[in-house]
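S.K.: Next input, structure requested:
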Amino acid sequence: MSSAVHSTQEYDMDTRSLSSSHRHPQDAPYVHKVGLPPKQNLFKEFKATVKETFFADDPLRSFKDQPRSKKFILGLQAIFPILEWGRSYSFAKFRGDLIAGLTIASLCIPQDIGYAKLANLDPQYGLYSSFVPPLIYAFMGSSRDIAIGPVAVVSLLLGTLLQSEIADPVANAAEYRRLAFTATFFAGITQVTLGFLRLGFLIDFLSHAAIVGFMGGAAITIALQQLKGFLGIKKFTKKTDIVSVMHSVFASAHHGWNWQTIVMGVSLLSFLLFAKYIGKKNKKLFWVPAIAPLISVILSTFFVYITRADKDGVQIVKHIEKGINPSSVNQIYFSGDHMLKGVRIGIVAAMIALTEAIAIGRTFAAMKDYQLDGNKEMVALGTMNIVGSMTSCYVATGSFSRSAVNFMSGCQTAVSNIVMSIVVFLTLQFITPLFKYTPNAVLSAIIISAVIGLVDYDAAYLIWKIDKFDFVACMGAFFGVVFVSVEIGLLIAVSISFFKLLLQVTRPRTAILGKLPRTAVYRNILQYPEATKVPGVLIVRVDSAIYFSNSNYIKERILRWLIDEEELVNKSGQPKIQFLIVEMSPVTDIDTSGIHALEELYRSLQKREIQLILANPGPVVIDKLHASDFAQLIGEDKIFLTVANAVAACSPKLMVEVV
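M.R.: Alright, predicted model coming up:
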């Protein structure tokens, strides 16, 4: 009751002051009209739109007013950033890069062997993929911190998709490899194309929530796949879903498990997790979890060699091809049905690889306060995968675990990737025979310890707190990967992300505004309960551009607000609604469907004897309102710069009618 009295008193003061200024025009505040922007040249407007869409970062800015020779040098530096930062390279930087390169090499070698098995390829192909691609990236990449090579999620995705086309990777090993190289080639083509055409914004359609869920589900799936090597099981399901994997595990419990393998696997996994715990507890000991995998491989290989545990059923790697990458140009399918399969698999792998690499690059760039050019990154990643596909590599990208170690080791530039590549080269040339007795259990333990970090509980909880719909997307992707397959989980992640986007576009928010006490400011009454409605006036704000996809909904939603308000007015005995003010500040654009919806709203209001008033339409919107003659239809005097101006124009008339 007291708030109603307060509202009435405030209304009386407002209407008296406005009535007074209405009777004395010389004392009235100047009301600025909404400006109509000058007519734009169609070609210039189109050019500006294209530039803002694809060249928002103005990549040619440094080329302006430069001589031709300087432009040539700048062009080379744009393609090969190493030519720019290499001029200021010093021994102090090399020392940091050398230590970082050696550290990530000790981590990548055992991981690469394991990740190759995830992709159903021989172990040497994982090492190949950490030799050529990092060299290419070091010359073309713009990130100082990314460590390049095979990663668990992409390896699993590639292995799953390839296996769906070629059922038995062992019996059809040559054909399987050819399809893997083909998929890698077209993954690179996809990445280069996206970067060259500056279409990097497409990867942003995969929301953060969907990525968290997908990565978590993939981590669980990868860990489950390692139970084969961890338990010493020989016959294992080809499927990746948790039901099939657990059925395969328990079905072989009585005759398929090997106790020596289990003891070794549990011991090594415990050691790796303990090393990771030490690294987390003391940041200065980051090198402990980095070299722990290599130590595990050396110790377990030596143990198997001296005890000949392989004769007791402990499965070993057996053989890794010696020598550097052989050419695979003639193995890529450039025609036929296999090429189309390679294109399809390559596009999917390319998008996931890009998403992971760009996310990692941006994270570390922000920590070191430098800019990362996403389009240059795509070209660099794509080029290295194209060259990689011709040198017996499969899809490589930025690895989060290795990049984190690279960062913690004090890397200064991409030279750390060159150092890592040289170490892998030496390994391929001289050391691979020593891995003959490496047990599969240690590779499984290394992969399990590596992917545990991909299950981000804190991120999932934060998503739950911030946005419940995002959490649904996260869980949809997670359960899709875990209970069905990697590709279905990815499809669910993309689908839910797009559905959320469509929902936001087709069902934008609207709000009723009220006047904040002692101000001329109008805000959402749900956010500011102290804001009071203006008697006889309904003020609605539309928080979105008005397009064909939402114009009908916005019109109907405004009419529903009006009906609800009229019911409240009738019950409380307040003045009848005579004005509907639509606050259009957030309306960035409007199309013909939107204008048609406004016309229908105007006619509906006429039947109710309610005037339609618009407040603060932007330049694009006001231009289209005039071009469509809608401004003339409602009257140009019904379009105001602010809600306060619109209310001031309505209130004196209301005061006269009420009095």
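S.K.: domains in the chain, as residue ranges please.
M.R.: The chain breaks down by automatic domain parsing into domains covering 90-203+211-455, 508-654.
S.K.: and of these, who's closest to Gly489?
M.R.: Taking C-beta to C-beta, domain 90-203+211-455 is the member of these nearest to Gly489, at 5.2 Å. For every residue, glycine as well, the C-beta is placed using N, CA and C.
S.K.: follow-up on the earlier one: now, of the domains of the chain, which is deepest in the fold?
M.R.: Among the domains of the chain, domain 90-203+211-455 has the highest mean neighbour count (mean count of other C-beta atoms under 10 Å), at a mean of 21.
S.K.: end-to-end on that one?
M.R.: End-to-end distance for domain 90-203+211-455, by C-alpha to C-alpha, to the nearest Å: 39 Å.
S.K.: now that domain, how far from the chain's geometric center?
M.R.: 21 Å (C-alpha atoms, centre = their mean, to the nearest Å).
S.K.: Now do the contacts for His582.
M.R.: One thing to correct before we go on: residue 582 is Val, not His. Val540, Arg541, Val542, Ile558, Leu612, Ile613, Leu614, Ala615 (C-beta atoms under 8 Å, 6 or more residues apart in numbering).
S.K.: Now the element after the helix or strand encompassing it, going C-ward?
M.R.: Taking DSSP states H and E as the criterion, Val582 maps to strand 579-583. The helix or strand immediately downstream of strand 579-583 is helix 592-607, counting by DSSP H and E.
S.K.: Would you mind writing the CA trace of that next one as PDB?
M.R.: The C-alpha trace of helix 592-607 is given here as PDB (Å, rounded to 0.1, in the frame of the first residue of the first chain):
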ATOM      1  CA  THR A 592      11.900  -6.900 -43.600                       C
ATOM      2  CA  SER A 593      10.200  -9.600 -41.500                       C
ATOM      3  CA  GLY A 594      11.000  -7.500 -38.400                       C
ATOM      4  CA  ILE A 595       9.500  -4.400 -39.900                       C
ATOM      5  CA  HIS A 596       6.400  -6.300 -41.000                       C
ATOM      6  CA  ALA A 597       6.100  -7.600 -37.400                       C
ATOM      7  CA  LEU A 598       6.300  -3.900 -36.100                       C
ATOM      8  CA  GLU A 599       3.600  -3.000 -38.600                       C
ATOM      9  CA  GLU A 600       1.300  -5.800 -37.300                       C
ATOM     10  CA  LEU A 601       2.100  -4.700 -33.800                       C
ATOM     11  CA  TYR A 602       1.100  -1.100 -34.700                       C
ATOM     12  CA  ARG A 603      -2.200  -2.200 -36.200                       C
ATOM     13  CA  SER A 604      -3.000  -4.300 -33.100                       C
ATOM     14  CA  LEU A 605      -2.300  -1.400 -30.800                       C
ATOM     15  CA  GLN A 606      -4.500   0.900 -32.900                       C
ATOM     16  CA  LYS A 607      -7.400  -1.400 -32.300                       C
END
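S.K.: Show residues contacting that helix.
M.R.: By C-beta under 8 Å, 6+ apart, helix 592-607 touches 545-548, 551-552, 554-555, 558-559, 562, 580, 590, 611-612, 624-625, 628, 630, 633-634.
S.K.: Try it again at 6 Å.
M.R.: Ile546, Phe548, Ser551, Lys555, Leu580, Leu612, Ser628, Phe630, Ile634 (C-beta atoms under 6 Å, 6 or more residues apart in numbering).
S.K.: hang on, the earlier thing: and the two most separated of the contacts of Val582?
M.R.: Arg541 and Leu612 (14.6 Å).
S.K.: which residue ranges form the strands in this structure?
M.R.: Ranges of strands within the chain are 147-149, 397-399, 510-515, 522-524, 537-542, 579-583, 611-615, 639-640, based on DSSP state E.
S.K.: mind putting those strands in a markdown table, distance to Ala445 included?
M.R.: Converted to a markdown table, the strands of the chain look like this (distance: least, C-beta to C-beta, whole Å):
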| stretch | distance to Ala445 |
| --- | --- |
| strand 147-149 | 19 |
| strand 397-399 | 18 |
| strand 510-515 | 55 |
| strand 522-524 | 55 |
| strand 537-542 | 57 |
| strand 579-583 | 61 |
| strand 611-615 | 65 |
| strand 639-640 | 70 |
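S.K.: For Leu273, find the nearest of the ones you listed.
M.R.: Here strand 397-399 is closest among the strands of the chain (C-beta to C-beta), at 19.1 Å.
S.K.: which residues touch that closest one?
M.R.: Contacts for strand 397-399 (C-beta under 6 Å, 6+ apart): Ile146, Ala147, Gly149, Val151, Val154, Ala353, Glu356, Ala357, Ile360.
S.K.: picking up where we left off before, dump the domains of the chain to a markdown table, plus mean pLDDT and distance to Val482.
M.R.: Formatted as a markdown table, the domains of the chain follow (pLDDT from 0 to 100; distance: least, C-beta to C-beta, whole Å):
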| stretch | mean pLDDT | distance to Val482 |
| --- | --- | --- |
| domain 90-203+211-455 | 92 | 5 |
| domain 508-654 | 92 | 34 |
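S.K.: Let me have the ones you listed in JSON lines, extended by distance to Trp464.
M.R.: Below are the domains of the chain laid out as JSON lines (distance: least, C-beta to C-beta, whole Å):
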{"stretch": "domain 90-203+211-455", "distance to Trp464": "11"}
{"stretch": "domain 508-654", "distance to Trp464": "21"}
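S.K.: Let me know which of those domains is the nearest to Leu36.
M.R.: Here domain 508-654 is closest among the domains of the chain (C-beta to C-beta), at 5.9 Å.
S.K.: starting at the chain centroid, how far to that closest one?
M.R.: Counting by C-alpha atoms, centre = their mean, domain 508-654 comes out at 36 Å from the chain centroid.
S.K.: Let me see the ranges of the helices in the stretch 251-400 of the chain.
M.R.: Ranges of helices in the stretch 251-400 of the chain, per DSSP state H, counting those that start in this stretch, are 259-281, 287-307, 336-368, 374-389, 400-408.
S.K.: For Val521, which of those helices is the nearest?
M.R.: helix 336-368 (35.3 Å).
S.K.: is it true that Leu516 touches Ala531?
M.R.: Yes: Leu516 lies in contact with Ala531 (C-beta atoms under 6 Å); the separation is 5.2 Å.
S.K.: Now do the shared contacts for these two.
M.R.: Arg523.
S.K.: Can you name the residues that contact Arg509?
M.R.: Asp543.
S.K.: From Leu503, how far out is it?
M.R.: 11 Å (C-beta to C-beta, to the nearest Å).
S.K.: Distance of Ala353 relative to Leu158?
M.R.: Distance from Ala353 to Leu158, by C-beta to C-beta: 9 Å.
S.K.: who touches stretch 261-275?
M.R.: In contact with stretch 261-275 (C-beta under 6 Å, 6+ apart) are residues Phe230, Leu231, Gly232, Val288, Pro289, Ala292, Ser296, Val314, Ala441, Val442, Ala445, Ser449.
S.K.: you'd agree the first one is up against Ile446?
M.R.: No: at 10.8 Å, Phe230 does not count as touching Ile446 under the criterion of C-beta under 6 Å.
S.K.: Show me the helices in the stretch 401-550 of the chain, by range?
M.R.: 415-426, 440-451, 457-466, 468-483, 486-506.
S.K.: closest to Val647 out of the strands of the chain?
M.R.: strand 537-542 (6.2 Å).
S.K.: and the closest one with helix 592-607, angle?
M.R.: 170 degrees (axes from the mean of the first three to the mean of the last three C-alpha atoms, to 10 degrees).
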